[in-house]
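[1] quick one, fold the following:
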Amino acid sequence: MNKLLHNNTLFTLTLLGIATALAFLFFSFVSENTANIALLYIIAQILIARYTNGYLHGLFSSIFSVICINFFFTYPFFRLNFTLSGYPVTFIGMLIITLLTTATTSRLKKQTEILAKQEKQVQIARQESLRANLLRAVSHDLRTPLTSIIGTTSSLLSDDSILSDAEKRELLENIENDSSWLLNMVENLLSATRINDTVTHQVNKTPEIVEEVVAEAVQRLKKRFPSASIIVHVPTDYLLIPMDAILIEQVLINRY
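    You can find the predicted model right below:
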């Protein structure tokens, strides 16, 4: 608070000093019309009211400006003469300008603060919504490989005596494939959680055959829904497209 007051005071004194220096230059080399000089101080008051907090610095600048105009730029020079014609009007006019400007800028600052708080709340709500959607995606995306792994291991445990070595090997390969796919999915989900951070996340793309990616997605769907009827239309042309195959497979599965 003290630092803010110090900065506002320094800003006010600096701006009034600049206005006074410009007023002397204008008075000495351009015109001795005090009305034009008053405009310089009015501009300084508007800037002070805009970029400082509260009414104190604005009131001080109004009193200082009127005294400077009276002392430096009206006859008799370098003397205060409060009986000059129009002096009360000048003082009241500058005071009104300062009060109006300060009140307006204070209102604008409060509105800006309110808008900033609302924007922050909206961002927090968006982040919470993204987290909730991510949790739903995790539960949905991981269920398929986990269900397949559990089903395959159950088959191995319950029917171990009647399964041939080739069948056991095939089931173990299915477990390995599902486990690898599950690991890739977890890595992609962890990458997705970093999208909110300042670090830019890049999707690793490699040329993939579209037909193979679609076939893999259909195969995984069949494991989860054996009785499902899935119709796939594949173009006759050979399509090789840069993509992250795991992510595209998951998109196709989620669309089902």
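[2] which other helices and strands contact the host helix or strand of Gly151?
    According to DSSP states H and E, Gly151 maps onto helix 87-158. Helix 87-158 makes packing contacts with helix 34-51, helix 56-72, helix 165-192, helix 210-224, helix 245-255 when contacts are defined by 3 or more Cβ pairs under 8 Å, 6 or more residues apart in numbering; DSSP states H and E. Using the backbone N, CA and C atoms, a C-beta is placed for each residue, glycine as well.
[3] now tabulate those helices in TSV and tack on distance to Arg131, mean pLDDT and mean neighbour count.
    Listed next are these as TSV, based on distance: least, Cβ to Cβ, whole Å; pLDDT from 0 to 100; neighbours: other Cβ atoms under 10 Å:
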stretch	distance to Arg131	mean pLDDT	mean neighbour count
helix 34-51	39	81	19
helix 56-72	45	81	20
helix 165-192	11	77	14
helix 210-224	26	80	16
helix 245-255	18	74	16
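[4] can those helices go into a markdown table with extra columns for distance to Asn133?
    Putting those into a markdown table (distance: least, Cβ to Cβ, whole Å) gives the following:
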| stretch | distance to Asn133 |
| --- | --- |
| helix 34-51 | 43 |
| helix 56-72 | 49 |
| helix 165-192 | 10 |
| helix 210-224 | 21 |
| helix 245-255 | 12 |
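[5] Ser155 is nearest to which of these?
    The closest of the helices and strands packed on helix 87-158 to Ser155 is helix 165-192. By Cβ to Cβ, the value is 6.1 Å.
[6] angle of the closest one against helix 87-158?
    If you take axes from the mean of the first three to the mean of the last three Cα atoms, to 10 degrees, helix 165-192 sits at 170 degrees to helix 87-158.
[7] helices and strands around helix 165-192, which ones?
    Helix 165-192 is packed against helix 87-158, helix 245-255, with contacts defined by 3+ Cβ pairs under 8 Å, 6+ apart.
[8] what average pLDDT does the helix holding Gly151 get?
    Taken as a whole, helix 87-158 carries a mean pLDDT of 78.
[9] against Gln250, how distant is the residue most central in space within the chain?
    Geometric centre of the chain, nearest residue: Gln123, 7.3 Å, by Cα atoms, centre = their mean. As judged by Cβ to Cβ, to the nearest Å, Gln123 and Gln250 stand 27 Å apart.
[10] tell me, how many residues neighbour Arg136?
    Here the number of neighbours of Arg136 (other Cβ atoms under 10 Å) works out to 10.
[11] distance of it from Arg79?
    Counting by Cβ to Cβ, the separation of Arg136 from Arg79 is 80 Å.
[12] same question for Ile114.
    Separation of Ile114 from Arg79 (Cβ to Cβ): 49 Å.
[13] and for Tyr238?
    From Tyr238 across to Arg79, the span is 97 Å (Cβ to Cβ).
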